[in-house]
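**Q** Based on what follows, work out the 3D shape:
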Amino acid sequence: MVSCTASEIGERLRHAREKKQLSASKVDAGAGVLRGTCAAIERGTRPNPGIKTLKKIAIFLGVSTDWLAESGEVQA
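**A** Numbers count the residues shown, from 1 in each chain. Have a look, this model is predicted:
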């Protein structure tokens, strides 16, 4: 298991969000995280999001936490 960099997590998050055609603010609201969290992770201004935050976002987007945080193929 190889962890992603902050920018890779942000890219994966953006990919999953755009695939669902959701805005960052919709993800924040749906996942129950603070407003601006998703955008900050995507931009890399929140480089170390907690596992609880990533788990909430992953569940809302229908992806695994492992996929968000580990290196490997980006889901189609």
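**Q** What residues of stretch 41-60 count as buried?
**A** I41, E42, R46, P49, T53, L54, K56, I57, A58, F60 (16 or more other Cβ atoms under 10 Å). Any C-beta I mention is one placed from the backbone N, CA and C, and that applies to glycine too.
**Q** what's the offset of the longest helix belonging to the chain from the middle of its chain?
**A** Longest helix of the chain, by residue count under DSSP state H: helix 6-19. Averaging C-alpha positions (Cα atoms, centre = their mean, to the nearest Å) puts helix 6-19 6 Å from its chain's average.
**Q** before we move on, back to that, looking at the buried residues of stretch 41-60, which is nearest D28?
**A** Checking those against D28 by Cβ to Cβ gives I57 as the nearest, at 8.5 Å.
**Q** Excluding sequence neighbours, find me the nearest residue to the closest one.
**A** Leaving out its chain neighbours, the residue that sits closest to I57 by Cβ to Cβ, 6 or more residues apart in numbering is A31, at 4.7 Å.
**Q** What would whichever helix or strand comes after the longest helix of the chain look like as PDB? C-alpha coordinates only.
**A** Per DSSP states H and E, helix 6-19 leads on to helix 24-31 as the next helix or strand towards the C-terminus. The C-alpha trace of helix 24-31 is given here as PDB (Å, rounded to 0.1, in the frame of the first residue of the first chain):
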ATOM      1  CA  ALA A  24     -17.700  21.100  -4.100                       C
ATOM      2  CA  SER A  25     -20.200  22.700  -1.800                       C
ATOM      3  CA  LYS A  26     -22.800  20.000  -2.500                       C
ATOM      4  CA  VAL A  27     -20.200  17.400  -1.500                       C
ATOM      5  CA  ASP A  28     -19.500  19.300   1.700                       C
ATOM      6  CA  ALA A  29     -23.200  19.500   2.600                       C
ATOM      7  CA  GLY A  30     -23.900  15.900   1.600                       C
ATOM      8  CA  ALA A  31     -20.900  14.500   3.400                       C
END
